[in-house]
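# I'll drop the sequence and a predicted model, then ask my questions.
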Amino acid sequence: MTTSTAPLPRRFPLSPRAGGWVGFLGLALLVGLTAAILVFARGLILTNLSNGVPWGLWITIDLSAIALGAGAFTLSAVVYLFGLKRFQPIVRLAVFVGFIGYTTALLTLVMDIGRPDRFWHPWVYWNIHSVLWEITWCITIYLAILMVEFLPVIAELKFFDRFPKLHHWANRLHGAAPVLAVLGLLISLLHQSSLGATYGILRSRPIWFKPSMPIMFIISAVAVGPAVTMGVAHVVEWIRRKPTVPHDILRTIARTSGLGLLLYAYIKFWDLAAVTYYGRTPGSDQAFSILRDFTPYGFGFWVGEIVIGILLPVLFFLMPRFNRRPAYLVLGAFLAMVGVVFNRWNVTVSGLVVPLDYAPGVDLSAVLAKPYVPNLTEWAIALGVLGYALMLLTLGVRYLPLFRTSEDGKH
Amino acid sequence: MSEQTPGKKRKQKVRLELTRRDFLTLAATAAGSAVAAQALTTGPLSPFSSLKQSQLAGEDIGGHAAARHQWGMVINLDTCIGCEYCQRACSATNDVAPEAPWNIVQEAESAAGRRYFFSRPCLHCQHAPCVEVCPVQATYVREDGVVIMDDDRCIGCRYCMVACPYDARRFNWGERQDVNEFVPTWGIAEVERRPRGVVEKCTFCVHRIDSGLANGLVPGVDPEATPACVNICPVDARVFGDLKDPESRVAKLIEDSATFRLREELGTRPSVYYIPPKEGV
């Protein structure tokens, strides 16, 4: 590996800091695994989900992980489709982060469905009218694309030097990168927005049923996904004390993300105005007043989504006094990430806790009490998948040639 | 777009050069799009033609014009006394968990302040949101209008529960160990318990309809072929039958009285009709 010019004495002895990190990862994985075994054994009855609020924390993780993995298709498209070769050095990391995001989502999804043994049913039994069916297919195909995109990186491992044929095939695959980028772009645009449509098409839920839902999902994913990759590059650089990706590239990504977030804020503004101010229907009016009076979702929206998720990252990404300093870029990426998680949570749970108003005359306050707070099992699984994501990242940074493109060095 | 309008004079002339090749390309594109549009909206490729052409057209009560029956129910809110017998008989017959009943009965108040009881089974929508969203077609509208679940196919994603406008679906969160408190007082279990991890719902007692028809009985007339909730009702507030048969009681009730369906504006086209409570003292 060209990056490890400094002689590494031994591979395995760990510094106290690294030891602590490995300990944390191990603990998180252990907790998650224990909870997973319990859930597989006894079922979803161990969660706080109910017939009234059948989706919760885990769906939030699915949606967030997929959105945060959007850097992969965005940056691949930028390099291989729009020809901005300058960004080549970050593509590998972006694809890797995307791979982590998508596999994290799939792991959580397998926990969340009632019959994990039937995970393959959407591939065999088609319902072409279902957005969820389309999303399942897109995610499957896109994960395959990510793996093919990433194979050349794995083939570069020293271990595979003993199979020279492999290098040959890996290079061939790399040649297919533009095709993969086009495919990845199309499929990602489709499913990233369909995740919003999952909610947006449900005409029985007045605060979900709007055409802006898929648009806000995809814009937030495209804005924040690359920023996450950028933040990861900086953090890895701090930890390894070796350069990863040129800083001017990272700064450009941050500024583009800032602009993306502004666009997101703009659409969110009109969405909010259209739904709450101009287009007040009895249904949405009632839903919002219930949310306002009985839940913290208004606070979550303004503080979590707007201030933390949009305002602060935009300042950090766009103002030169901040975006010259990596610390602010990392903080901005982190806050934007938190904002996306807040948004996916708010969208999911706020839509569900409002009781359905289908029977004239039935007093809703009688059935109003369906609050949802995730319980320990759900948090344990969440910690487990977080541990999985961070473990994969750590292993990748440690053992994979993520910060070298095949253009430099070889041949 | 490049032609100059006489009112607006521009200094720079923009000339539109159209070669024969360009023209042919454009013409072919236009023709191709028109054909594609036609095929996708009404033709055999249309996503609307396969599953619910007749539903979208909305010309008759039934979703399937060719089907012989269209099962439906009329619930008279004016006579319902809120005894919850329907809920208990249903829970016994279909072995439903007591904490998650398929049939619900709720107190309600009319606009004029009259107290009445509202009850609902699954409404068996002919344009059902749950059917539309299921990623594996584990739930579907039968030819006779009954919306049922395929327990062997359901993956337990619960999207149908999120999509249902009427809160008519229940999930099996765990393996059931309970002894059904309604058996045998309110009936005996006629169907298997659903396994852990799948969604379940009211079936209009489809097992009774099917076996009844096979034995020459008439659902809605012969109790053996009629949903348990209908048979047990002490005040005849629930009536079941074939909406396609003009001589059936349901068809006559719908014909003769003012009825409404729940959230008709959603376009779900439920098979359950309600007779509103009468106002006045």
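Cool, got the structure.
# in the stretch 151-281 of chain B, what residue lies closest to chain A?
Proximity of the stretch 151-281 of chain B to chain A (CB to the nearest CB) peaks at B:Gly156, 2.1 Å away. Every residue, glycine included, has its C-beta placed from N, CA and C.
# which helix or strand contains that residue?
For B:Gly156, there is no helix or strand it lies in under DSSP states H and E.
# ok, now how distant is it from B:Val198?
Look at B:Gly156 and B:Val198: by CB to CB, to the nearest Å, they are 6 Å apart.
# again with A:Met319
Taken as CB to CB, the span from A:Met319 to B:Val198 is 53 Å.
# compare these two (neighbour count), which wins?
Taking other CB atoms under 10 Å in any protein chain shown, A:Met319 and B:Val198 do not tie; B:Val198 has more neighbours (21 against 13).
# quickly list what's touching both of B:Gly156 and B:Val198.
Shared contacts of B:Gly156 and B:Val198 (CB atoms under 8 Å, 6 or more residues apart in numbering or on different chains): A:114-115, B:171.
# give me the buried subset of the residues you listed.
Among the shared contacts of B:Gly156 and B:Val198, those buried by neighbour count (16 or more other CB atoms under 10 Å in any protein chain shown) are A:114-115, B:171.
# looking at the residues you listed, which are in strands?
Taking DSSP state E, the ones among those that sit in strands are B:Phe171.
# would you mind measuring from the spatially closest residue to B:Tyr85 that is not a sequence neighbour to B:Val136?
The spatial neighbour of B:Tyr85 that comes closest, neighbours along the chain excluded (CB to CB, 6 or more residues apart in numbering or on different chains), is B:Ile232 at 4.7 Å. Noted for B:Ile232: a distance of 34 Å to B:Val136, by CB to CB.
# who has more neighbours, those two?
Regarding B:Ile232 and B:Val136, a neighbour count based on other CB under 10 Å identifies B:Val136 as having more, with 23 against 20.
# three-state assignment of the more buried one?
State at B:Val136, reduced to three classes by DSSP: H, G, I helix; E, B strand; the rest coil: coil.
# dump the residue contacts of it.
Here B:Val136 is in contact with A:118, A:121-122, A:125-127, A:133, B:153-155 (CB under 8 Å, 6+ apart).
# buried members of these into PyMOL, please.
Those of these that count as buried under 16+ other CB under 10 Å are selected in PyMOL with:
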select buried, (chain A and resi 118+121+122+125+127+133) or (chain B and resi 153+154+155)
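# between the contacts of B:Val136, which sits nearest B:Glu132?
A:Asn127 (8.1 Å; CB to CB).
# correct me if wrong: the closest one contacts B:Cys134.
Yes. In terms of CB atoms under 8 Å, A:Asn127 counts as a neighbour of B:Cys134; the distance is 5.7 Å.
# quick revisit: can you put the buried ones among the shared contacts of B:Gly156 and B:Val198 in a markdown table and add pLDDT and distance to A:His234?
Listed next are these as a markdown table, based on pLDDT from 0 to 100; distance: CB to CB, whole Å:
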| residue | pLDDT | distance to A:His234 |
| --- | --- | --- |
| A:Gly114 | 96 | 41 |
| A:Arg115 | 96 | 42 |
| B:Phe171 | 97 | 43 |
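# which residue does the stretch 1-150 of chain A bring closest to chain B?
Counting by CB to the nearest CB, the stretch 1-150 of chain A gets nearest chain B through A:Gly114, at 2.1 Å.
# give the rounded mean pLDDT of stretch A:95-112.
Across stretch A:95-112, the average pLDDT comes to 96.
# so how far is it off the chain centroid?
Counting by CA atoms, centre = their mean, to the nearest Å, stretch A:95-112 is centred 8 Å from the centre of its parent chain.
# also stretch A:327-346?
11 Å.
# tell me the buried residues in it?
Using 16+ other CB under 10 Å as the test for burial, stretch A:327-346 gives A:328-346.
# spit out the contact partners of A:Val235.
Counted by CB under 8 Å, 6+ apart, A:Val235 has contacts A:Val330.
# distance of it from A:Gly26?
Relative to A:Gly26, A:Val235 is positioned 20 Å away (CB to CB).
# next, B:Gly241: secondary structure please.
What three-state DSSP gives for B:Gly241 is strand.
# and the closest residue to B:Arg115 other than its chain neighbours, what is it in contact with?
Excluding the flanking residues, the one nearest B:Arg115 by CB to CB, 6+ apart is B:Glu109, at 5.6 Å. By CB under 8 Å, 6+ apart, the contact set of B:Glu109 is A:361, A:363, B:115-116.
# report how many residues lie close to the closest residue to A:Pro178 other than its chain neighbours.
Distance criterion CB to CB, 6+ apart; nearest residue to A:Pro178, sequence neighbours excluded, is A:Tyr80 at 4.4 Å. Close neighbours of A:Tyr80, defined as other CB under 10 Å, add up to 23.
# looking at it, A:Tyr80 is touching A:Gly184, isn't it?
No. The pair A:Tyr80 and A:Gly184 does not pass the contact test of CB under 8 Å, sitting 9.1 Å apart.
# not counting its neighbours along the chain, what's nearest the residue nearest the centre of chain B?
With distances taken as CA atoms, centre = their mean, B:Cys125 lies nearest the centre of chain B, 1.4 Å away. Leaving aside its sequence neighbours, B:Cys125 sits nearest to B:Thr268 (CB to CB, 6+ apart; 4.0 Å).
# so is the one you found in a helix, a strand, or just coil?
Three-state assignment for B:Thr268 (three-state DSSP): coil.
# I figured it was touching B:His124, is that so?
No. In this structure, B:Thr268 is not within contact of B:His124 by CB under 8 Å, at 9.9 Å.
# neighbour count for those two, which is higher?
More crowded of B:Thr268 and B:His124, by other CB under 10 Å: B:His124, with 29 against 24.
# give me the spatial nearest neighbour of that one, chain neighbours excluded.
B:Ser271 (4.1 Å).
# contacting residues around the one you found?
B:70-73, B:123-126, B:145, B:243.
# ranges for the helices of chain B?
Secondary structure of chain B (DSSP state H): helices at B:20-41, B:47-57, B:85-93, B:129-133, B:159-163, B:206-214, B:228-232, B:249-256.
# turn the ones you listed into CSV, columns for distance to B:Tyr140.
Converted to CSV, the helices of chain B look like this (distance: least, CB to CB, whole Å):
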stretch, distance to B:Tyr140
helix B:20-41, 24
helix B:47-57, 9
helix B:85-93, 21
helix B:129-133, 6
helix B:159-163, 11
helix B:206-214, 12
helix B:228-232, 22
helix B:249-256, 23
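# of all those helices, which one is nearest A:Leu75?
Closest to A:Leu75 of the helices of chain B is helix B:159-163 (CB to CB; 31.2 Å).
# burial of the closest residue to B:Arg176 other than its chain neighbours, as a residue count?
Leaving aside its chain neighbours, B:Arg176 sits nearest to B:Arg193 (5.7 Å; criterion: CB to CB, 6+ apart). Using other CB under 10 Å, B:Arg193 has 17 neighbouring residues.
# could you do A:Tyr388 as well?
Residue neighbour count, defined by other CB under 10 Å, stands at 20 for A:Tyr388.
# kindly report the same for A:Cys138.
Residues near A:Cys138, counting by other CB under 10 Å: 20.
# would you mind measuring from it to A:Tyr264?
On the measure of CB to CB, A:Cys138 and A:Tyr264 end up 22 Å apart.
# again, but for B:Arg238
When B:Arg238 is compared with A:Tyr264 (using CB to CB), they lie 51 Å apart.
# ok, A:Asp271 next?
A:Asp271 sits 10 Å away from A:Tyr264, going by CB to CB.
# residue contacts, the residue nearest to B:Tyr85?
Residues counted as contacts of B:Ile232 (CB under 8 Å, 6+ apart) are B:85-86, B:88-89, B:186-187.
# of all pairs in those residues, which one spans the longest distance?
B:Cys86 and B:Gly187 (11.3 Å).
# pLDDT weak spots in the chain?
You didn't say which chain, so I picked chain A. In the predicted model, chain A carries pLDDT under 70 at residues A:1-13, A:364-370, A:405-411.
# wait, chain B
Ranges of chain B meeting pLDDT under 70: B:1-14, B:43-66, B:280-281.
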